[in-house]
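>>> Model the following, please.
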Amino acid sequence: MKNIPVSALIGLFFTALYFLAAIFAPLLAPYGMAEVVGDVWEPSSAEFLLGTDNIGRDLLTRMIYGGRTTIFIATMATVISFTTGSILGIFAAVSGGWIDQCLSRFVDLIMSIPTLIFALVVLSVTPVTVPMLILVMGLLDSTRVYRLARAVAVDIEVMDFVEAARLRGERTAWIIFREILPNALSPLVAEMGLRFIFMVLFVSTLSFLGLGVQPPEADWGGIVKENKDGIVYGIPAALIPAFAIATLAISVNLVADWVLNRTTSLKGGRG
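From the prediction side, this is the model:
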C-alpha cells in the first residue's frame, strides 16, 4: 500500500465504493426503485436524503439502482469489447497476410462511422433491451481494442520466444494465448480502465437520448434526462447523477493512470 500514490488510493476508494453500492443495491436502497413515495422534487430531508425526482420517487434509491445498471452494462460491454478486440487483434498480427488485411480494413470501415451515430441507428431498428445495449456497445468499442491489441502483438510477435514456439510447431492458438497475450496484458489492462469510462459515458448518453435503459428502470443518464427540467427552477436533481458519472470516471481514470505508469517495456520472454 505504501507504494501506491495518494491519487490511486483515492481512485481505488471511490471505485470500490461505487461497485459495492451497485452489488448491494437492494440492501442499501431505502425504497423500491420505481416506488412513488413523496411529492415532485421534494428537497433533501431526513426521510429523503437526496430529495425526490420528477414524479416523487426517492432520488437516493434511483441513484443506487441507477448506478447498479450503469456499472453492470459498462462492465459487461467492456468485457465483450476486450474479449473480441484483443483476440481478433492478436490473431490478425500472428496470421498476417490477407487475414490481417481483411480484418484491419473491416475495422477501419467500422471506425470511420461515428460510434454514437452507429449505435443510434442500430438501436432505432432493434429492441432496446439491456442485452442488446451491451452487445452493441461492446462490439462497436471492440474496434478500438483491436487496433491496440494488434499494435502490441505486432511488436511481440517478432521476439525470439515467439519464433521459438513456432519452430517447436506450436499451433496459432497456443502462440496467441500462451506466448503473446500474457506479455500484452499490461497495456491492455491499462486501456481497459479507459474503455470502461467510455462505456459509462456511452450508456449514459444513449439513455439521455432515449435509446438506452428504458423506464421505469433507472440508470444515471436516464435520471439526468428525467430531471433536467428542474435545473431551470434551481432543483439539483439532474446534477446529482451527472456528478456521480464524473466522479466514477475520474476515479477509474486515476486507477488506470496508475496501472499505465506501472506498465514496463515488453518482456523478452515468459521466463
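>>> Please count neighbours and contacts with C-alpha atoms only from this point.
Noted.
>>> Give the full set of residues in contact with the residue nearest to the spatial centre of the chain.
Centroid-nearest residue in the chain: residue 196, 2.4 Å away (criterion: C-alpha atoms, centre = their mean). Residues in contact with residue 196 (C-alpha atoms under 8 Å, 6 or more residues apart in numbering) are 74, 75, 78.
>>> what's the closest of the residues you listed to residue 104?
Of all these, the one with the least separation from residue 104 (C-alpha to C-alpha) is residue 78, at 20.5 Å.
>>> And the closest one, its phi and psi?
Dihedral pair for residue 78: phi -70, psi -40, per degrees, to the nearest 10.
>>> Could you pull up the residues touching it?
Applying C-alpha under 8 Å, 6+ apart, we find residue 78 in contact with 138, 192, 195, 196, 199.
>>> same thing but 6 Å
residue 196 (C-alpha atoms under 6 Å, 6 or more residues apart in numbering).
>>> quick one, strands of the stretch 151-271 of the chain?
In the stretch 151-271 of the chain, no strands are defined using DSSP state E, counting those that start in this stretch.
>>> ok, for residue 115, nearest residue in space, not its chain neighbours?
The shortest distance from residue 115 to any non-neighbouring residue, by C-alpha to C-alpha, 6 or more residues apart in numbering, is to residue 140 (6.7 Å).
>>> again with residue 40
Per C-alpha to C-alpha, 6+ apart, closest to residue 40 is residue 56, 4.4 Å.
>>> my guess is the one you found contacts residue 35, does it?
No. Using C-alpha atoms under 6 Å, residue 56 is not in contact with residue 35, being 8.4 Å away.
>>> Neighbour count for these two, which is higher?
Taking other C-alpha atoms under 10 Å, residue 56 and residue 35 do not tie; residue 56 has more neighbours (17 against 14).
>>> List the contacts of that one.
Residue 56 is in contact with 36, 37, 38, 39, 40, counting by C-alpha under 6 Å, 6+ apart.
>>> Just give the nearest non-adjacent residue to the third one, would you?
In other words, residue 38. For residue 38, the closest residue by C-alpha to C-alpha, 6+ apart turns out to be residue 56, at 4.7 Å.
>>> what about the one you found, distance to residue 196?
The spacing between residue 56 and residue 196, counted by C-alpha to C-alpha, to the nearest Å, is 32 Å.
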